[in-house]
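[1] just a sequence and a predicted model for now, questions to come.
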Amino acid sequence: MILVNELTKSFGDFVAVQDLSFDIKAGEVVGFLGPNGAGKSTTMKMLTGFLTPTKGTIKIGELDMKKARQKIQSQIGYLPEGAPAYGDMTPLQFLRFIASVRGLKGQDKKDRIDTVIEQVELHQVLNKSIDNLSKGFKRRVGLAQAIIHDPDILILDEPTDGLDPNQKHQVRELIKNISKDKIVIVSTHILEEVTAVCNRAMIISNGVKLFDGTPIELQKKSRYYKAVSLRMSYAADISGLAELPGVADMEVEPKTGTVTLFPENDAVILPAITDLIHRNKLPIDDLFVEQGRLDDVFREITEERVVS
Amino acid sequence: MRHVGILLKREFASFFATPVAYVFIVIFLMMSGVFTFYIGGLYERGQADLLPFFNFHPWLYLFLVPAMAMRTWSEERKSGTIELIMTLPVTTLEVMIGKFLAAWLVLGMSLMLTFPLWLTVNYLGNPDNGIILAAYFGSWLMAGAFLAIGICMSALSKSQVVAFILAVVVCFLFVLSGSGVLLDAFEGWLPNIIIDTIASFSFVTHFEAISKGVIALNDVGYFIIVIGVWLYAGLVIIENKKAD
């Protein structure tokens, strides 16, 4: 359980995080979203005890960050942005070092190291120096070090940044597997990631929280949520579509000829549309229900702020 | 303090994983050989002691120790590992002490590796080995003081070059403060008490006192205090600007 109350951090005149309050319960996988420089990393640095807040409190369980920093830090696994590691060490040496600092000893330490090596698949590079590893492997070493003590809270700052699609998939699977009864906080600016791994999304911009809810709720904010798009092989009469019950609006993309029908509120419009298609024998090539365009929602939410 | 051992081990291994320790030791041995035999004239003096060897130590350390210390914090900052280490359940003090002790051990090793010189004078004559041992001890203490300054300067900047230059300048002041050149310049227009105070800050004065074979509390205490003060200053700097 993480309790954050009116957290503020300023660097000189620049306010990086402003009056941020939230609480996170066990089992929640929170996606921190926001443009670059929004204050995501700063917030994470305060949650991990690296930075001291200018104002506000952080409580983890019963512990206050101000009073019990070290105790809290022993419960947290943290992957800083860019996955920094001691480049002159090999992954094996590095993991042994972190495990020792984390207080693991003897057989327990050996077992945990073996487990995380298995989990992030580090076998082939165990004895190369970290400096010589590819970006993907470096990130995996960072992940391994973050989960080596099986922490209750896992904080990952852009864990998939710069990875190829396979590696991204792997990292996401890893997060899904660990997250059962733990708290995971992931920062990202890749929106698909939030729907892929998180059960809660938080959007931060200019240090202020702008949205806090489930990924579905975020998708619902899109006007494309549950909208139906269709394409036809040749031009046909589509006038009937816009008049269907539940359809609020119709838009035709002039270049591709894609027709998009927007539902009123939460109305389900697909059956009515397919009925009409059958009746009028429309030459449909493609028909699909949109999931909501997160990019648009993201831009709307974060840019509103800039304008106001 | 229970993490110091683990941190020390990592730092120490890192000196040998990167060639820093090897380069340092080789250069240190070569330079001390050159100074002792060519400039100090160990043979020509016809005396069985190691004075020509120890006399040059402050000047050797002046450049070599800052070069060794410059990476301690600068590198952590530059590579971002500072964020990693400071979010592990260790205190900054533990990290600081681990870093200092690791580098100090390497310096101690380098000193120990000059043992052929000691064998040489023992072969050639009958030196007072007690004095030589005291001088080794004094030299190691002084190296620690140079090191503490270097680590503090490394805490100041992300750039190793800046850290090196700052450390050399500060160390130079501490070496110079006891030298005749500086004190003569003050002579006559500053009261003696101030001149004595400036002179008492000199590494050289305290080192020479120890290397004569007198391990006095004030000389040993001086180096220990210098080490403590500079490491503490480094600690404060790191705590205050770790995110920069």
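    Here it is on my side, so go on. The model shown is predicted, which means the values in this text are computed figures rather than measured ones.

[2] ok, now which ones touch the residue in chain B positioned nearest to chain A?
    Nearest residue of chain B to chain A (CB to the nearest CB) works out as residue B:80 at 3.5 Å. All C-beta spots, glycine's among them, are computed from the backbone N, C-alpha and C. The contact partners of residue B:80, taken as CB atoms under 8 Å, 6 or more residues apart in numbering or on different chains, are A:80, A:81, A:82, A:84.

[3] separation between it and residue B:243?
    Separation of residue B:80 from residue B:243 (CB to CB, to the nearest Å) stands at 11 Å.

[4] how confident was the prediction at residue B:89?
    pLDDT recorded at residue B:89 is 93.

[5] my guess is it contacts residue A:70, does it?
    Yes - using CB atoms under 8 Å, residue B:89 is in contact with residue A:70, at 4.6 Å.

[6] more neighbours, these two?
    In terms of neighbours (other CB atoms under 10 Å in any protein chain shown), residue B:89 is the more surrounded of residue B:89 and residue A:70; the figures are 19 against 11.

[7] how about the more buried one, phi and psi?
    phi -70, psi 60 (degrees, to the nearest 10).

[8] need the three-state assignment for residue A:216.
    Here residue A:216 is helix, with the state taken from DSSP: H, G, I helix; E, B strand; the rest coil.

[9] and if you look at residue A:275?
    Assigned state for residue A:275: helix (three-state reduction, three-state DSSP).

[10] count of neighbours near it?
    Quick note: residue A:275 (other CB under 10 Å) scores 11 neighbours.

[11] distance of it from chain B?
    When distance is defined by CB to the nearest CB, to the nearest Å, residue A:275 is 58 Å away from chain B.

[12] biggest separation within the contacts of residue B:80, which pair?
    Using CB to CB, the contacts of residue B:80 span at most 8.3 Å, a distance reached by A:81 and A:84.

[13] the more surrounded of these two?
    residue A:84 (21 against 18).

[14] run through the residues that contact the more buried one.
    Here residue A:84 is in contact with A:142, B:79, B:80, B:81, B:83, B:84 (criterion: CB under 8 Å, 6+ apart).

[15] so what's residue A:77 bridging to?
    On the basis of DSSP bridges, residue A:77 is bridged to residue A:154.

[16] which residue ranges make up each domain of chain A?
    A:2-219, A:223-291 (automatic domain parsing).

[17] ok, for the residue nearest in space to the middle of chain B, nearest residue in space, not its chain neighbours?
    Among the residues of chain B, residue B:143 comes closest to the average C-alpha position under CA atoms, centre = their mean, at 2.1 Å. Leaving out its chain neighbours, the residue that sits closest to residue B:143 by CB to CB, 6 or more residues apart in numbering or on different chains is residue B:107, at 4.4 Å.

[18] find the closest residue to chain B in the stretch 1-150 of chain A.
    residue A:84 (3.5 Å).

[19] how about that residue, nearest residue that isn't a chain neighbour?
    With CB to CB, 6+ apart as the measure, residue B:80 is the residue that lies nearest to residue A:84, at 3.5 Å, once sequence neighbours are left out.

[20] equivalent analysis for residue B:90, please.
    With CB to CB, 6+ apart, the residue lying closest to residue B:90 is residue B:3, at 4.6 Å.

[21] so which bits of chain B are right by chain A?
    Counting by CB under 8 Å from any CB of the partner chain, the residues of chain B close to chain A are B:3, B:6-7, B:10, B:13-14, B:17-18, B:79-81, B:83-84, B:86-91, B:242-243.

[22] what about the residue nearest to residue B:90, neighbour count?
    20.

[23] and it, its phi and psi?
    In this entry, residue B:3 is assigned phi and psi values of phi -90, psi -10 (degrees, to the nearest 10).

[24] so who does it touch?
    If a contact means CB under 8 Å, 6+ apart, then residue B:3 has A:101, B:90, B:91, B:94, B:98 as its contacts.

[25] quick one: the fourth one from residue B:211, how far?
    Read it as residue B:94. Counting by CB to CB, the gap between residue B:94 and residue B:211 amounts to 33 Å.

[26] which of the two has more neighbours?
    Neighbours of residue B:94 and residue B:211, each counted by other CB under 10 Å, are more numerous for residue B:211; the result is 26 against 21.

[27] I figured residue B:40 hits residue B:49, correct?
    No - counting by CB under 8 Å, residue B:40 sits too far from residue B:49 to count as a contact (10.8 Å).

[28] which residues touch the residue nearest to residue B:64 when sequence neighbours are not counted?
    In this structure, residue B:64 finds its nearest non-sequential neighbour in residue B:28, 6.0 Å apart by CB to CB, 6+ apart. With contacts taken as CB under 8 Å, 6+ apart, residue B:28 has the following neighbours: B:60, B:64, B:110.

[29] next, the buried residues of stretch A:40-60.
    Residues of stretch A:40-60 classed as buried: A:40-51, A:53, A:56, A:58-60 (neighbour count, 16 or more other CB atoms under 10 Å in any protein chain shown).

[30] so where's chain A uncertain?
    Within chain A, the ranges that satisfy pLDDT under 70 run A:304-308.

[31] residues of it that sit close to chain B?
    A:11, A:45, A:48-51, A:70-71, A:73-74, A:76, A:78, A:80-82, A:84-89, A:93, A:97-98, A:100-103, A:129, A:145.

[32] looks to me like residue A:266 is in a strand.
    No - residue state for residue A:266 (three-state DSSP) corresponds to coil; a strand is not indicated.

[33] counting neighbours, what do you get for it?
    By other CB under 10 Å, the residues close to residue A:266 number 9.

[34] now do the one 4 residues further on
    The burial metric for residue A:270, expressed as a neighbour count using other CB under 10 Å, is 15.

[35] show me the contacts for it.
    For residue A:270, the contact set (CB under 8 Å, 6+ apart) comprises A:228, A:289.

[36] okay, among the contacts of residue A:84, which ones form the most distant pair?
    A:142 and B:79 (12.3 Å).

[37] higher neighbour count, these two?
    Comparing residue A:142 with residue B:79 by neighbour count (other CB under 10 Å), the higher total belongs to residue A:142, at 24 against 17.

[38] which neighbouring elements make contact with the longest helix along chain B?
    For chain B, the helix with the greatest residue count under DSSP state H is helix B:129-156. Packed against helix B:129-156 by the contact rule (3 or more CB pairs under 8 Å, 6 or more residues apart in numbering or on different chains; DSSP states H and E) you find helix B:51-55, helix B:57-69, helix B:71-79, helix B:92-112, helix B:115-124, helix B:160-176, helix B:203-211, helix B:217-240.
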